[in-house]
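S.K.: fold the following and give me the result.
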Amino acid sequence: MLTGKFVPLLATVLASLSLTSSAPTAADKRQISLPDSIIPKLGNLTDPIANNAPDGIILQPPTPAIDTKEPFPKSDIKPKKLGYFWTGSEDRKHKDFLAAVSLDDDTFGTFVDIAEVPTSGNEPHHVGASADGKTIVGGGLLSLLKTQDTAFYFDVTDPYRPQFKKSNRAALASITDEIRAKPDGGFFITYMGSAAGTSPGRLIETNADNDIIGQWPESLDNLNALSQQFSPHGLSIDWQNNLILTSDYVVPLSVLKPSTGIQRANTLRLWNLKDRSILSTITIPHGGGIQDVKFIPGNEEGAAIATAVHLGQVWIIYPRRKDATTGQQGTAELLYDLGPKARDTTAIYTTFSRDGRYLYGTITTGNHIFALDLKDLKNIKRLDDPDENQNSQGVPVIGPHFLSLSPDEKHLIVTDYFVRTGDFGILNTPGNYFAHVIDVDQDDGSLHFNRTIDFVKPFSERGGSRPHSSVIYDFSGPEPRALSFPVISHRASLIFSNSITPFRTTLTMKTFSLLLLAGAAAAAPFSLPDGFPNPSPSQLMKIQSEAGGTLPNTALPTKLPADAIQSLQVIAVNEIFETAYFSSLLDNVTNGVSGYTDFGGLDKAYVVKSLKAIRAQEEIHAIGANAILASAGGKTIGPCNYMFPVSDFKSAIALAATFTDLVLGTLQGVQKTFALDGGQAANGLVSLVGSIIGQEGEQDGAYRLIQRKTPSASPFLTAAAGPFAFNGVNQMFIVPGSCKPSSNVSSIHIPSFDTLKLDASNAMPEAKSVGALKFDTSYGKVSSSSNHLAYISGQNKPVVVPIKSVHSNGKNSATFTASFPYDKGFSHGLTVAALVDNAGPFADAAAVAKCTVAGPGLIEID
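M.R.: Here you go, the predicted structure:
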C-alpha cells in the first residue's frame with residue numbers, strides 16, 4: 001500500500017480529482033466523465049496541457065451505447081480453464097464487454113457469459129487481473145474521443161458470472177495501455193497520453209478499491225526536464241529491486257486526424273519504485289516506438305527486454321549497469337533481430353515463460369508469432385519458422401497482438417486484433433477477430449497451432465466483435481491461478497484504408513537517396529468505386545474518358561510463350577499497385593490531408609486533374625495487361641493489400657519517380673523478350689510496350705520537375721529486369737500474406753529475393769565515387785567469399801564490387817560494406833543494386849537478376 005510519506009499533497013489533490021463512475025443507474029447510462037471539456041481545469045496545473053493541445057481533434061459523438069435486442073445467452077458450464085477476453089463491439093455502437101470463454105477440451109470455445117460496460121466505442125485495449133484474482137481491469141484506448149471513462153473494473157468473484165463494477169479516468173492522462181497488479185491490491189497502469197492525448201502521459205496508480213491515488217511523475221517541472229516525448233506504453237516492475245521500467249511508444253494524438261504523421265519515441269524510463277520518481281532515460285537509437293518492456297524472470301542481473309518497432313528488434317536492458325559515457329543508470333544492447341517481417345511493423349508484444357527461458361511475441365502487421373529460447377543470451381535460438389504462413393486448422397494468423405500464456409504454460413492464447421481507429425484516425429491494422437489457442441511443447445518450448453475461437457459469429461448483431469486482450473484462469477488446483485502479461489505489438493508502419501500513410505521518412509540527403517523497403521499498409525484488398533479492377537462496359541468508358549484515351553482496338557494475341565505470359569503478369573502486378581498508389585495520393589490531396597496541401601507552387605485543381613488522369617491511365621494499363629493474359633490463356637492478376645512509405649506530397653512524388661524509374665528499366669527488358677519471342681508477341685506487343693514506355697516517361701519527367709530536378713535524368717535510362725520489378729513491389733508495397741489465391745500473384749513463379757538497403761548510418765554522398773557504403777540485408781548467409789554487389793546504371797554493363805566487413809545480426813539479418821564506384825560509368829537517376837552469388841561478369845540486368853540473392857536496392861542520384 002502506498003503510504004503517506006510518499007504521497008505529497010499534490011498527488012492527494014489529483015487523486016481526489018480523478019473521475020470515477022460506478023455501475024450506472026437507468027438515468028446515468030452515458031457515463032460521460034467530462035461533459036464540458038476533455039481537459040479539466042485544475043488551477044494552472046493543466047494549463048500546459050491545454051495550451052499544447054492542437055485544434056481540431058476529432059471526437060466521436062458521445063451517444064449512449066445500444067443494447068442488443070436479446071440478452072446474451074449464458075451457459076451453465078463451469079470449465080476448469082477459463083479465458084476472459086476484453087472485447088469491443090465492431091459497430092462501435094453496442095456496448096463493449098468482457099467475455100468469459102471455456103478453454104477446456106470438452107467445451108472449448110463456449111461463451112460462458114459476458115459483462116457489458118455502459119459505453120461503446122472505447123476500443124478495448126489491455127487487460128489485467130488483480131493479485132487476488134477477484135478483479136479484472138480493462139483499458140479503453142479511445143474512450144477519450146467520446147469523453148468517457150478510460151478504465152473499467154470487473155468483479156470476477158464468481159468467475160462464471162463476471163460483473164461490471166465501476167469505471168474511472170485520470171485528471172491528467174488518457175489512453176490506457178499496460179496494466180500491472182500490485183501485491184497488496186490495486187494496479188499500476190500506463191496512460192500513454194495527457195488528458196488531451198498529447199505528450200506527456202502518466203503512470204497511473206490505484207489502490208485496492210480501484211481509486212486513483214497517483215498520477216506519476218507528479219511534478220510538471222520534472223516532466224519539462226524530459227527533453228524527449230513521454231508516452232509510456234510498456235510497463236514492467238522488479239518488486240525485489242524496487243525498479244520500474246516503462247517504454248515510450250507514440251504520441252496518441254498523432255494517430256488521429258488531422259495528423260502530420262505518427263510521432264514515435266526511442267526511449268525507456270527507469271523509475272524508483274519507492275517514491276515513483278524517474279531515475280534515468282534509456283535510449284534505443286532509431287527504435288521508432290518502444291512498445292513493450294518486460295523484466296526477464298530469474299535473470300541474475302535483473303535485465304529486461306524491450307521491443308523496437310521500427311527496427312524489428314528485441315533489445316536487452318540492464319537497469320543496474322552504468323552507461324560508460326554518461327554515467328547514468330541503465331544501458332541497452334541489441335539482443336535479437338526478428339528479420340524482415342518485423343521491420344516497421346505496427347506492434348511487437350511479448351510474454352515470458354515463468355522461468356524466463358522462453359520469450360513469445362507477436363509481429364502484428366507481419367502476421368506472425370515468434371518464439372525464442374533465451375537459455376543462452378549469447379546464442380539465442382529461434383523456435384519458429386519466420387517464413388511460415390501460420391494458421392490454426394486453416395484460420396490464418398492475421399494481425400496478432402496480445403498474447404497470454406496459460407498458468408500451466410501448456411497454451412499460448414493470441415488475439416488477432418490490434419487497433420482500428422476508423423475514419424477519425426490513421427491507424428487501422430488488419431485482423432480477423434479470432435483468438436488462437438496454441439499448444440506449447442513442454443520439452444522445447446516450440447509452438448504448435450491448434451484451435452481458434454471465433455469472435456465474429458456469436459456477436460453478429462454488433463457487426464462482430466474485436467477481442468484485443470485476455471486473462472487466463474486455471475481452477476484445476478486447490479487455488480485458482482490467473483496469468484496475464486499484457487502484450488504490445490506495433491508495425492511502425494501504419495495501416496490505412498486506401499490512403500497514403502504517414503510513416504517514417506524516406507531516406508533522402510543531399511543528392512543521394514535510397515528508398516526504404518518498408519511502409520504502411522492498406523487495410524483491405526484494393527478496389528475502386530469505378531469498378532476497377534473489373535469494370536463494366538459503361539464504367540470502362542468513363543475510365544477511358546478520364547484517362548484521355550481508350551484501350552487499343554487491335555486484335556489481342558491468342559497464343560504467347562511462357563516468358564511473355566510471365567512478363568505480362570509482372571506488368572499487371574505493377575499497374576494494379578500503381579493504381580492503388582495514385583488513388584491514395586489523389587484522395588489525400590483532394591481531402592486536404594495534412595502534408596498534402598503544399599504542391600510546390602502548383603495549383604491544387606491542376607494537381608487533382610493530373611492525378612485523376614494518371615490513375616485512370618494506370619487502370620487502363622492494368623486492364624489491358626489482364627485482357628491480353630485472358631486472351632492468351634494466361635492467369636489474370638488480381639489486387640492485394642498495399643503499403644506506402646510516405647507522409648506528404650513531396651515524398652509521395654519522390655517515391656513515384658523512383659518506382660517509375662524501375663518500371664521504365666523493366667519495360668526495356670519486356671520489350672526485348674517480346675521481340676525475341678517473335679510471332680504474336682513481336683507483332684502485337686512490342687509497339688504497345690513502346691507506347692507505355694513513352695507514357696511512363698512523360699510521368700517521370702513531371703515528377704522530376706515537381707522536385708525541381710532536370711526533367712530527363714540522363715541520356716540513357718537505367719535497365720532493370722522483371723524479377724527486380726516484382727520483388728520491388730512485393731517488398732515495398734504488398735502487405736505480406738494479403739494476396740488471395742484468386743489474385744494469382746503466387747503463380748507468377750518469380751524467385752523471391754531478400755531485402756537490400758543502405759544502412760541509415762551512411763553519410764550520404766553526392767554523385768561521385770565513395771570508398772565504402774554500408775548495406776543492410778535480410779539475407780543471413782551473406783559472406784565476403786561467396787557474395788558480391790552488382791550495380792546497374794544507365795545502359796552500361798553492370799559493375800561488380802567485392803563486399804567487406806560482413807556482420808551477421810541473426811538468422812535473417814546482416815550488414816556489409818561495399819564501394820560505390822560512380823566514376824565507372826554510372827548515370828544520374830536510378831541505380832539498381834543487387835547482392836549476387838558470384839563475381840560475374842554480367843552482360844546485362846537480366847543476367848544479374850539470375851544470380852541475385854537480395855535486392856533490389858534502389859538508389860537515386862541527382
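S.K.: so where do the helices sit in the stretch 701-850 of the chain?
M.R.: 722-732, 845-850 (DSSP state H, counting those that start in this stretch).
S.K.: in CSV, list those along with mean pLDDT, distance to Gly634 and mean neighbour count.
M.R.: In short, each C-beta sits where N, CA and C put it, glycine included. Formatted as CSV, the helices of the stretch 701-850 of the chain follow (pLDDT from 0 to 100; distance: least, C-beta to C-beta, whole Å; neighbours: other C-beta atoms under 10 Å):
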stretch, mean pLDDT, distance to Gly634, mean neighbour count
helix 722-732, 93, 14, 25
helix 845-850, 96, 21, 22
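S.K.: and the gap between the spatially closest residue to Ala834 that is not a sequence neighbour and Asp563?
M.R.: Distance criterion C-beta to C-beta, 6 or more residues apart in numbering; nearest residue to Ala834, sequence neighbours excluded, is Gly855 at 3.6 Å. Distance of Gly855 to Asp563, given as C-beta to C-beta, to the nearest Å: 21 Å.
S.K.: related to what we said a few turns ago, just checking, what packs against the helix or strand hosting the residue nearest to Ala834?
M.R.: Secondary structure assignment for Gly855, by DSSP states H and E: strand 852-861. Judged by 3 or more C-beta pairs under 8 Å, 6 or more residues apart in numbering; DSSP states H and E, the packing partners of strand 852-861 are strand 512-514, helix 649-677, helix 722-732, strand 756-758, strand 829-836.
S.K.: just these: most buried one?
M.R.: strand 829-836 (a mean of 27; mean count of other C-beta atoms under 10 Å).
S.K.: in JSON lines: the helices of the stretch 701-850 of the chain, plus distance to Arg420.
M.R.: Below are the helices of the stretch 701-850 of the chain laid out as JSON lines (distance: least, C-beta to C-beta, whole Å):
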{"stretch": "helix 722-732", "distance to Arg420": "24"}
{"stretch": "helix 845-850", "distance to Arg420": "39"}
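S.K.: just the terminal-to-terminal distance for stretch 804-823.
M.R.: 20 Å (C-alpha to C-alpha, to the nearest Å).
S.K.: model confidence for the nearest residue to Ser746 once chain neighbours are set aside, exactly?
M.R.: Nearest non-adjacent residue to Ser746, counting by C-beta to C-beta, 6+ apart: Cys739, 6.6 Å away. Looking at Cys739, its pLDDT is 89.
S.K.: go on, Ala721?
M.R.: pLDDT, read off for Ala721, is 94.
S.K.: ok, it - how many residues close by?
M.R.: 27 (other C-beta atoms under 10 Å).
S.K.: helices or strands up against the helix or strand containing Gly128?
M.R.: Applying DSSP H and E as the criterion places Gly128 in strand 124-129. On a contact count with 3+ C-beta pairs under 8 Å, 6+ apart, strand 124-129 meets strand 81-89, strand 135-140, strand 173-181, strand 465-474.
S.K.: given it, what are its sheet partners and their directions?
M.R.: Strand 124-129 has the following strand partners under DSSP bridges: strand 135-140 (antiparallel).
S.K.: how near is Ala129 to Phe154?
M.R.: Counting by C-beta to C-beta, the gap from Ala129 to Phe154 is 10 Å.
S.K.: so what sits against both of those two?
M.R.: Residues touching both Ala129 and Phe154 (C-beta atoms under 8 Å, 6 or more residues apart in numbering): 84, 135-136.
S.K.: hmm, Leu377 is touching Leu335, no?
M.R.: Yes - the criterion here is C-beta atoms under 8 Å, and Leu377 meets it with Leu335 at 7.0 Å.
S.K.: neighbour count winner among these two?
M.R.: Using other C-beta under 10 Å, the more surrounded residue of Leu377 and Leu335 is Leu335, with 20 against 14.
S.K.: for the residue in the chain sticking out farthest from the centre, which non-adjacent residue is closest in space?
M.R.: The C-alpha centroid of the chain is most remote from Gly679, which lies 47.1 Å away (C-alpha atoms, centre = their mean). In space, and not counting its chain neighbours, Gly679 is closest to Lys559: 7.5 Å by C-beta to C-beta, 6+ apart.
S.K.: okay, and the one you found sits in which element?
M.R.: Counting by DSSP H and E, Lys559 is part of no helix or strand.
S.K.: circling back to that earlier point, can you count the residues close to the residue nearest to Ala834?
M.R.: Other residues near Gly855 number 29, with proximity taken as other C-beta under 10 Å.
S.K.: from what I see, it and Phe724 are in contact.
M.R.: Yes - the pair Gly855 and Phe724 qualifies as a contact (C-beta under 8 Å) at a distance of 6.6 Å.
S.K.: which neighbours do those two share?
M.R.: Joint contacts of Gly855 and Phe724 (C-beta under 8 Å, 6+ apart) are 832, 834.
S.K.: sheet-wise, list the partners of the strand ranked longest in the chain with their directions.
M.R.: For the chain, the strand with the greatest residue count under DSSP state E is strand 799-810. Applying DSSP bridges, strand 799-810 is found paired with strand 788-793 (antiparallel), strand 813-820 (antiparallel).
S.K.: ranking the ones you listed by burial, who's on top?
M.R.: strand 788-793 (a mean of 25).
S.K.: where does pLDDT dip in the stretch 651-800 of the chain?
M.R.: Where the stretch 651-800 of the chain drops to pLDDT under 70, the residues are 762-767.
S.K.: repeat that with 90
M.R.: Scanning the stretch 651-800 of the chain for pLDDT under 90 picks out 679-684, 713, 735-742, 749, 757-774, 780.
S.K.: what about Ile692, how many residues nearby?
M.R.: Quick note: Ile692 (other C-beta under 10 Å) scores 21 neighbours.
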